[in-house]
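> from the sequence below, what's the structure:
(one chain, ligands or ions: 1)
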Amino acid sequence: MTDIPHALIRNALRKIWWERSKARREALKRQKVKGSQLWICEGCAQLIPRKHVDHIVPIGKTPGAKGSDADWNGFFDRLFCPSEGLQILCKACHDEKTKTDKQGIK
Ligand SMILES: [Zn+2]
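Numbering: from 1, shown residues only. This next block holds a predicted model:
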């Protein structure tokens, strides 16, 4: 059996999402302070110059990856969710969310 580079595939798909997702652009627009280069963090409501776009439902591992019980439809549904499924966060809020997500994956 071929050794599938799951992390590489996941990163490549995330890159496509990052570059092409309309939902991502909508979420950013929704939280942007008009006429500025600032966004409102949906976690702590602070104004932030550097923003993180978070999947509220974590996209998880790719199907077939070690410890994954996902299927491709579910994975793509989560990755390419509508803009309501995304939130704009500051680094602190995003780090905290990521920690919580990782606990859920295990
Ligand atoms: Zn925040």
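> low-confidence ranges in the protein?
Along the chain, segments meeting pLDDT under 70 span 1, 104-106.
> which stretches of it form strands?
Taking DSSP state E to define them, one finds strands in the chain at 39-40, 47-48, 52-55, 86-89.
> surely Val57 is in contact with Gln87?
No: at 10.7 Å, Val57 and Gln87 do not qualify as touching, with contact defined as CB atoms under 8 Å. From N, CA and C alone the C-beta is placed, and that goes for glycine too.
> name the nearest residue to Ala7, sequence neighbours excluded.
Nearest non-adjacent residue to Ala7, counting by CB to CB, 6 or more residues apart in numbering: Ala65, 7.9 Å away.
> which residues touch the one you found?
6-7, 10 (CB atoms under 8 Å, 6 or more residues apart in numbering).
> what about Val57, how many residues nearby?
13 (other CB atoms under 10 Å).
> what does this protein put close to the ion?
Contact residues, the chain versus the ion (CB under 5 Å from the ion): 41, 43-44, 90, 93.
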